[in-house]
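Visitor: Just need the structure, nothing else, for what follows:
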Amino acid sequence: MGETPSIPREWIEDFEAAARRTLEERFRYAFVHTYKPVLDDAPYRSFDTMEEYRRWCEENLPSWLGYGRPR
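Guide: Presented below is the predicted three-dimensional model:
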């Protein structure tokens, strides 16, 4: 078998620092907000049917967000 690569010291230090954080701090660092055009521009939207929702997504959201139907 091959030799197991060593873990860089910097990675170990980062892991140890993260392990010392409180749960609240871990949650704060765990989530990164990314602005999503159109989706984030209104506090909420509601639809009567899934078909209505899918049609709205196709007509209003950029395709790179991935909310369109597979073609």
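Visitor: I figured residue 45 hits residue 52, correct?
Guide: No. Between residue 45 and residue 52 there is no contact under Cβ atoms under 8 Å: 10.2 Å. No exception for glycine: its C-beta is placed from N, CA and C like everyone else's.
Visitor: Show me where the protein has its helices.
Guide: Under the criterion DSSP state H, helices of the chain are mapped to 9-19, 23-30, 50-60.
Visitor: Identify whichever of these lies nearest to residue 38.
Guide: Distance to residue 38, taken as Cβ to Cβ, is lowest for helix 50-60 among the helices of the chain, at 5.4 Å.
Visitor: Just the CA atoms of the closest one, as PDB, please.
Guide: C-alpha atoms of helix 50-60 as PDB (Å, rounded to 0.1, in the frame of the first residue of the first chain):
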ATOM      1  CA  MET A  50     -47.000  23.400  -8.300                       C
ATOM      2  CA  GLU A  51     -47.600  24.000 -12.000                       C
ATOM      3  CA  GLU A  52     -48.100  27.700 -11.400                       C
ATOM      4  CA  TYR A  53     -44.900  27.800  -9.300                       C
ATOM      5  CA  ARG A  54     -42.900  26.000 -12.000                       C
ATOM      6  CA  ARG A  55     -44.100  28.300 -14.700                       C
ATOM      7  CA  TRP A  56     -43.200  31.400 -12.500                       C
ATOM      8  CA  CYS A  57     -39.700  30.000 -12.000                       C
ATOM      9  CA  GLU A  58     -39.200  29.400 -15.700                       C
ATOM     10  CA  GLU A  59     -40.400  32.900 -16.600                       C
ATOM     11  CA  ASN A  60     -38.700  34.900 -13.900                       C
END
